[in-house]
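Q: Fold the following for me, if possible:
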Amino acid sequence: MTITASEATKSGKGETGPALIGNDRQRTLRAGFIPLVDASVLIAAAEFGFAAREGLHLDLVKDVSWANVRDRLAFRQFDIAHMLSPMPVASMLDLGSNPSPTITPFSLGRGGNAITLSTRLFARMRDIAGISETASALDNAKALKTLLDDMRARGEPAPTFGVTYPFSSHNYEFRYWLAAGGIHPDRDVKLVVVPPPLTSDALAAGAIDGFCVGAPWNMMASERGIGRIVAAKQDIWPSAPEKVIGMRPDWASSQPEAVSRLLVALDAAARWCDRADNHAALAETLGDAKYIAAPVDIIRQVLAGRFNVDAQGNQRVIERYFTFHDNFANFPRKSQALWIYSQMIRWGQARFSKEGAQAAASAYQCDIYRNALGPNSVPPQTEGRIEGASEGDRFMDGHTFDPAAIEAYVKAFAVGAVNAQLSTSEEN
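A: Residues are numbered from 1 along each chain as shown. From the prediction side, this is the model:
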């Protein structure tokens, strides 16, 4: 089933709720989330009065896996959800085990992911490739390639790495990092799905040899002395979309005032989260057991972009490791949705077609965002944006992404799926 942008905004039936009347009564929205720092904007909107100011009560429900969040949104247990940026795209392409139509009119910001390898694996990389403690993300990927070649020659099994969901920024960023180092993600290593809160424990148990996940779980592994952070999201592509607010398109079209008020509340919360002088209060709230249930001091370090990359005290500082609002971080760019689509094609999850591109782009509803927050909230270039072309926004391997040339982009990579689903000229 392919749903176009126009179909995605058609009104549904049976989901009209009580109308908002000024701020005299609150409308409750049930929202699912995963315990990650990138849920900050949603949590801050609920905890610091931004939702209440708009006549909304956010009933936040912590879940354990992205599949659960997807299903509970589809089955109307949630009104909205904290979601991986590729999940709405996958849903509009009818991909996955339960592809219920989902859109997003609001991004929760940028940043937060990192790739962590076991200390044992990293030590072997350092021994065989001679990399330094300050090696770049690309140098680390190339060192892993050298080690994998040696392991294969010795007859050792390939390492197993964890990602949080098949249609996730983590999956595509891990694959991008591996491929940039000359490693084929589907031939040279094994990728498995591990829910974010379980990644550190899985690494400690030896069930996996590394993972890509959002904060604070990478630093939890390094603090425990079991993991080494080898790459951050900013190293791979600084503007890569991360988490979004997902909702059913029929619900959104039948609740326009509630959606508009929600976006106003989230916008105000995002501005608040971006201010460093609010990070202490934010960290205290996030650390609570009902949210992330992690040490507050680690969350503070994450918000400041200060990393202990291992247990030996080696540190790294990434300026604006999280961007919750600045530089139009909340705008759902269609070029980002189409980049996600390109990665699905690159790794054999989807087939390229014009209809597919339209469906993928329809997942990111910039018109709803613009209508709620006004024209000044929209970045100056929204149509035909070339991703990775500006200073400070480069892909780690130097590629750029033109959303009007998806097939050429996918074909340009030396490493890709054998069954990458590119169309024929007749199908275009």
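Q: Report the central residue of this protein.
A: With distances taken as Cα atoms, centre = their mean, the chain has residue 242 as the residue nearest its mean C-alpha position (2.8 Å).
Q: Can you list the low-confidence ranges for this structure?
A: Regions of the chain meeting the criterion pLDDT under 70 cover residues 1-24, 417-428.
Q: how is it carved up into domains?
A: Residue ranges for each domain of the chain read 5-111+241-295+323-411, 113-239, as given by automatic domain parsing.
Q: I'd like the ones you listed as CSV, with distance to residue 307 appended.
A: C-beta here means a position set from N, CA and C on the backbone, and glycine is covered the same way. Shown next, in CSV, are those (distance: least, Cβ to Cβ, whole Å):
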stretch, distance to residue 307
domain 5-111+241-295+323-411, 12
domain 113-239, 6
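Q: May I have the one helix or strand residue 283 maps to as CSV, with CA atoms only?
A: Per DSSP states H and E, residue 283 falls inside helix 279-287. Extracted in CSV, the C-alpha atoms of helix 279-287 (Å, rounded to 0.1, in the frame of the first residue of the first chain):
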residue,chain,number,x,y,z
HIS,A,279,20.3,21.7,31.7
ALA,A,280,20.6,21.0,35.4
ALA,A,281,16.9,21.0,35.9
LEU,A,282,16.4,19.0,32.7
ALA,A,283,19.0,16.4,33.8
GLU,A,284,17.3,16.0,37.2
THR,A,285,14.0,15.4,35.5
LEU,A,286,15.3,13.0,32.9
GLY,A,287,17.2,11.0,35.6
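Q: Check which residues of it are buried.
A: Residues 279, 282-283, 285-287 are the ones in helix 279-287 that count as buried (16 or more other Cβ atoms under 10 Å).
Q: for stretch 372-384, same thing?
A: Neighbour-count burial for stretch 372-384 [16+ other Cβ under 10 Å]: 372-373.
Q: Residues touching it, excluding its own?
A: Contact with stretch 372-384 is made by 105, 259-260, 263-264, 267, 328, 330-331, 333-335, 366, 369-370, 403-404, as judged by Cβ atoms under 8 Å, 6 or more residues apart in numbering.
Q: Are any of the residues you listed buried, and if so which?
A: Neighbour counting with 16+ other Cβ under 10 Å marks 105, 259-260, 263-264, 267, 328, 330-331, 333-335, 366, 369-370, 403 as buried within the contacts of stretch 372-384.
Q: Stretch 57-69: end-to-end distance?
A: End-to-end distance for stretch 57-69, by Cα to Cα, to the nearest Å: 19 Å.
Q: Pull out the buried residues from it.
A: 58, 60, 62-63, 65-69.
Q: Identify the farthest-apart pair in the residues you listed.
A: The distance between the two most remote of the buried residues of stretch 57-69 (Cβ to Cβ) is 22.4 Å, for 58 and 67.
Q: Three-state assignment for residue 57, please.
A: Under DSSP: H, G, I helix; E, B strand; the rest coil, the three-state class of residue 57 is strand.
Q: ok, now which ones touch it?
A: 26-29, 51.
Q: now residue 228
A: With Cβ under 8 Å, 6+ apart, residue 228 has these contacts: 116-119, 122, 222, 309-310.
Q: Packing partners of the lengthiest helix in the chain?
A: The longest helix of the chain (DSSP state H) is helix 256-274. Packing partners of helix 256-274 (3 or more Cβ pairs under 8 Å, 6 or more residues apart in numbering; DSSP states H and E): strand 27-33, helix 40-47, helix 50-53, strand 56-62, strand 103-107, strand 243-247, helix 366-373.
Q: Point out the one among those that comes closest to residue 129.
A: strand 243-247 (33.7 Å).
Q: so that closest one versus strand 27-33, what angle?
A: 130 degrees (axes from the mean of the first three to the mean of the last three Cα atoms, to 10 degrees).
Q: Name every strand pairing with strand 243-247 and say which way it goes.
A: strand 80-84 (antiparallel), strand 103-107 (antiparallel) (DSSP bridges).
Q: Could you point out which of those strands sits nearest residue 253?
A: That would be strand 103-107 among these, by Cβ to Cβ, at 9.6 Å.
Q: Now do the closest one and helix 256-274, the angle between them.
A: Using the same axes, to 10 degrees: strand 103-107 against helix 256-274 is 30 degrees.
Q: and strand 103-107, how far from the chain's centre?
A: 12 Å (Cα atoms, centre = their mean, to the nearest Å).
Q: Not counting its own residues, what contacts it?
A: 8, 83, 85, 88, 92, 241-249, 252, 259, 262-263, 266-267, 329-332, 362-366, 368-369, 372.
Q: Give me the distance from stretch 235-254 to the chain's centre.
A: In terms of Cα atoms, centre = their mean, the centre of stretch 235-254 is found 9 Å from the chain centre.
Q: measure it end to end?
A: Per Cα to Cα, the first residue of stretch 235-254 is 40 Å away from its last.
Q: Stretch 366-386 too?
A: Terminal-residue distance, stretch 366-386 (Cα to Cα): 17 Å.
Q: I figured the residue nearest to the centre of the chain was touching residue 86, is that so?
A: No - contact between residue 242 and residue 86 fails when scored by Cβ atoms under 8 Å: they sit 10.2 Å apart.
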